[in-house]
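Novice: Here you go, sequence then predicted model.
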There are 2 protein chains.
Amino acid sequence: MAALRLARSRNVGPSTYIRLVRRFGDPARALDALPELARRGGAGAMTPFDAAAAAREMEAGAAAGARLVILGEPGYPPALAAIPDPPPVFWLRGDPSALRARTVAIVGARNASAMGLRLARAMAAELGAAGFIVASGLARGIDGAAHEGALPTGTVAALAGCVAQVYPRDHAALAERIAAEGGALIAEAPMGADPQARHFPRRNRVIAGLSRAVVLIEAASRSGSLITAEFALEQGREVLAAPGSPLDPRSAGGNQLIRQGASLVRDAADVVESLEQAGAEDPQGEAGGAAPPGLAPDGFAETAAPPPAPQDDRRLRAEIASLLGLAPVEEDELLRLSGANLSAVAEVLLELELAGRLVRQPGGMLALLPEA
Amino acid sequence: MAALRLARSRNVGPSTYIRLVRRFGDPARALDALPELARRGGAGAMTPFDAAAAAREMEAGAAAGARLVILGEPGYPPALAAIPDPPPVFWLRGDPSALRARTVAIVGARNASAMGLRLARAMAAELGAAGFIVASGLARGIDGAAHEGALPTGTVAALAGCVAQVYPRDHAALAERIAAEGGALIAEAPMGADPQARHFPRRNRVIAGLSRAVVLIEAASRSGSLITAEFALEQGREVLAAPGSPLDPRSAGGNQLIRQGASLVRDAADVVESLEQAGAEDPQGEAGGAAPPGLAPDGFAETAAPPPAPQDDRRLRAEIASLLGLAPVEEDELLRLSGANLSAVAEVLLELELAGRLVRQPGGMLALLPEA
């Protein structure tokens, strides 16, 4: 409950969730500290996610036969825990053990060709036979074919919307089979949520995050599958692509990736070979990906001991607020200019973040919005 | 005439031709020395290629509007002169200047798909527009489409058979257009020769040898196009391949090469980019390929001064014959064991070669057949 409320609270994204739990030892204590931290950061008033609403979501989950999987707890997939911004919580329907196996994602075009569908189905079946769980996004086209091919051996569908009312509706029967036949449906979205455009890239980061490799079959330029491939590269996972005719726009994305250095794969044997080569180069490859610096592979076990009580350092907060502005500053630079120690600066940044004033930009750059 | 007779003489292949001309300064003197060298090597009697037959071939060439191009002379394509076993002579119909431009080969399946033919035609036209001559083998399918696409800018067809009676017959009209419209037909085979199975791999080595890069479009496993790609790799030329569906057997060869590291190309811009990258790594790339060690780029100009007269070194010949046998020996090892100097050993090896007794195997290994 505390984890769910913390994760659903305003201004608490995946990385802030991790900072809070690391700082306060567990979600319940972090949730208690939330209003005071946000107030110091300059927010007028900040109420954590409503306990009654969280209770209703837990009931809806139970009614749908879903369970909540929480970052830092044993059932959480290790590969997903190792990405920079793992979902703090997600809903699961089906077999939880499907999340602990070696996983390969197969993603691709909705308007796939008959050849592409055949290839996805065959490759998924072969990967399943080789002991892999196949992950995808339950979309029409390649995603659906990959799930179908891997049904006998278990397959994981990461959904953009809620885990109970799956989208697209014509894959509802497939989703039920996935959950019933040794696979799993997972969703970061709250119970009852409809999928929205902004959910799809977040879902794609989960598909890549679950997987040791992402295989693209028929991905056009600027397609969602290419976004999944980008996440995979950022997360240090293998990006593999099936080739296609240069005259078929559905092959443009995969061919482009191959030209840029991604491995060309023709079948599951190629995928296994590429993973073995990657594993030979990266000794942590077998573990499904390394944990980010400072975070134990299982979440944040190293912060189980209660930390010192938060200090209200007005002087430092004022100084950091004056050093930051709309023009982005590097976090390292800020630390140096403030002259304060890392944990004190981190505390102030957390307060500003919870007040909705701190903007974290790519490359560790920070910017500050004016006080409301 | 002397070059033609020397090249057509028994036991004189491309590399023996080069050794002979290097040793004796020009083809005429090498031709004169031929019978004596072969006799010393253990051949009963050896007559050089008949002068009257050579004269008839020259007449047939002239009648067909063809000219003889001779290794070491100015009109010989520098890139082809740089391969380990360039044709000593070949026949040319059409525009000789087509052999001096930057060249890219496009080769592929006879039973090409409509997409493959379209791609070959478009890529050839774009490469022509970018200033390249397109080389291919005048076969049905991809080869023909590549020639057609490049007709406006000049294209070179390397033939397995004779330069006058082209094969396949249904490409006779295309061949005439190639020769008439700024391109060229070339053939290593004698005038009047029909193409035989063994001619095709030799023709493929010429296609690769003319070119800075070989582009494969639809090449099945174990296809002639893959043989051309292998020659290109041995010759230090770029191997590029257009991708295709893993479920189409016509794409198997190209996909395999890409998986092994060949660059994937989708259009002429990709080919040009890959050549620029390769040229940046290899400063001699712009020159169309480096000459092999000891051979000047224009053939063997450095051996123009007449060399010392051949010595008949019976003792060394007997020693080398005893060191060699049916079990292959490395040339370096032989040199070391004999204790003689390089030129003396080379002379004996040349004699044995002309007598048809020396077998040169891949990797510089030598074996000796018993005296006839």
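Specialist: Received, thanks.
Novice: Check what pLDDT the closest residue to residue A:147 other than its chain neighbours gets.
Specialist: Of all residues not flanking residue A:147 in the chain, residue A:155 sits nearest, at 4.8 Å (CB to CB, 6 or more residues apart in numbering or on different chains). C-beta: built from backbone N, CA, C; applies to glycine. We note a pLDDT of 98 for residue A:155 in this prediction.
Novice: Hmm, residue A:137 and residue A:155 touching each other?
Specialist: No. Here residue A:155 does not reach residue A:137: they are 11.3 Å apart, not a contact under CB atoms under 8 Å.
Novice: Starting from chain B, give me the distance back to residue A:255.
Specialist: Residue A:255 sits 6 Å away from chain B, going by CB to the nearest CB, to the nearest Å.
Novice: need the next SSE after the helix or strand hosting that residue, C-terminal direction.
Specialist: Applying DSSP states H and E as the criterion places residue A:255 in helix A:252-259. With elements assigned by DSSP H and E, the helix or strand that comes after helix A:252-259 is strand A:263-264.
Novice: so the residue nearest to residue A:147 bridges to which residues?
Specialist: residue A:134 (DSSP bridges).
Novice: got the contact list for it?
Specialist: A:98, A:124, A:128, A:133, A:134, A:135, A:136, A:146, A:147, A:178, A:183 (CB atoms under 8 Å, 6 or more residues apart in numbering or on different chains).
Novice: got it, and residue A:172?
Specialist: residue A:166.
Novice: Which pLDDT value goes with it?
Specialist: So residue A:172 comes in at 96 (pLDDT).
Novice: May I see the buried residues of the helix or strand harbouring it?
Specialist: If you go by DSSP H and E, residue A:172 is part of helix A:172-180. Buried residues in helix A:172-180, counted by 16 or more other CB atoms under 10 Å in any protein chain shown: A:174, A:175, A:177, A:178, A:179.
Novice: need the residues of chain A near chain B, please.
Specialist: A:115-116, A:118-119, A:242-248, A:251, A:255, A:258-259, A:263-267, A:270 (CB under 8 Å from any CB of the partner chain).
Novice: mind checking which helix or strand the residue nearest to residue A:15 when sequence neighbours are not counted is in?
Specialist: Leaving aside its chain neighbours, residue A:15 sits nearest to residue A:85 (5.3 Å; criterion: CB to CB, 6+ apart). Of the helices and strands defined by DSSP H and E, none includes residue A:85.
Novice: so how far is chain B from residue A:85?
Specialist: From residue A:85 to chain B the distance is 32 Å (CB to the nearest CB).
Novice: Is it correct that that residue is in contact with residue A:205?
Specialist: Yes. Assessed by CB under 8 Å, residue A:85 is found in contact with residue A:205 at 7.2 Å.
Novice: The two: which is more packed in?
Specialist: residue A:205 (25 against 18; other CB atoms under 10 Å in any protein chain shown).
Novice: That one belongs to a helix?
Specialist: Yes. Counting by DSSP: H, G, I helix; E, B strand; the rest coil, residue A:205 falls inside a helix.
Novice: For ChimeraX, write the selection for the buried entries among the contacts of residue A:155.
Specialist: Under the burial definition 16+ other CB under 10 Å, those of the contacts of residue A:155 that qualify are selected in ChimeraX by:
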select /A:98,124,128,133,134,135,136,146,147,178,183
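Novice: Out of the contacts of residue A:155, flag the one nearest to chain B.
Specialist: The closest of the contacts of residue A:155 to chain B turns out to be residue A:124 (CB to the nearest CB; 13.9 Å).
Novice: Mind telling me what element the closest one is part of?
Specialist: Here residue A:124 is assigned to helix A:114-129, by DSSP H and E.
Novice: What is that helix packed up against?
Specialist: strand A:103-108, strand A:133-136, helix A:142-150, strand A:213-217, helix A:268-281 (3 or more CB pairs under 8 Å, 6 or more residues apart in numbering or on different chains; DSSP states H and E).
Novice: Mean pLDDT for the ones you listed - can I get that in a markdown table?
Specialist: What follows is the helices and strands packed on helix A:114-129, written out as a markdown table (pLDDT from 0 to 100):
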| stretch | mean pLDDT |
| --- | --- |
| strand A:103-108 | 98 |
| strand A:133-136 | 98 |
| helix A:142-150 | 98 |
| strand A:213-217 | 98 |
| helix A:268-281 | 91 |
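Novice: Got the phi and psi for the closest residue to residue A:185 other than its chain neighbours?
Specialist: Once flanking residues are discounted, residue A:185 sits nearest to residue A:93: 4.6 Å by CB to CB, 6+ apart. Residue A:93 adopts backbone torsions of phi -120, psi 130, taken as degrees, to the nearest 10.
Novice: these two touch, right, residue A:93 and residue A:177?
Specialist: No. If you go by CB under 8 Å, residue A:93 and residue A:177 don't touch, sitting 11.8 Å apart.
Novice: counting contacts, what elements does the host helix or strand of residue A:200 pack onto?
Specialist: Using DSSP H and E, residue A:200 maps to helix A:199-210. Packing partners of helix A:199-210 (3+ CB pairs under 8 Å, 6+ apart): helix A:78-81, strand A:103-108, strand A:133-136, strand A:155-159, helix A:224-234.
Novice: Give me the helices and strands touching the longest one, please.
Specialist: Based on contacts counted as 3+ CB pairs under 8 Å, 6+ apart, the elements that helix A:224-234 packs against are strand A:103-108, helix A:199-210, strand A:213-217, strand A:238-241, helix A:252-259.
Novice: quick one: which of the ones you listed is nearest residue A:189?
Specialist: helix A:199-210 (6.0 Å; CB to CB).
Novice: For that closest one, buried residues please.
Specialist: Result for helix A:199-210 [16+ other CB under 10 Å]: buried residues A:199, A:200, A:202, A:203, A:204, A:205, A:206, A:207, A:208, A:209, A:210.
Novice: same deal with stretch A:227-240?
Specialist: A:227, A:228, A:229, A:230, A:231, A:232, A:235, A:236, A:237, A:238, A:239, A:240.
Novice: Pick out the residue of the stretch 1-150 of chain A closest to chain B.
Specialist: Closest point on the stretch 1-150 of chain A to chain B, by CB to the nearest CB, is residue A:115, at 5.0 Å.
Novice: for the stretch 1-150 of chain A, which spans come out with low pLDDT?
Specialist: Low-confidence segments of the stretch 1-150 of chain A (pLDDT under 70): none present.
Novice: re the thing from before, pLDDT-wise, what's the bottom of the buried residues of helix A:199-210?
Specialist: residue A:199 (89).
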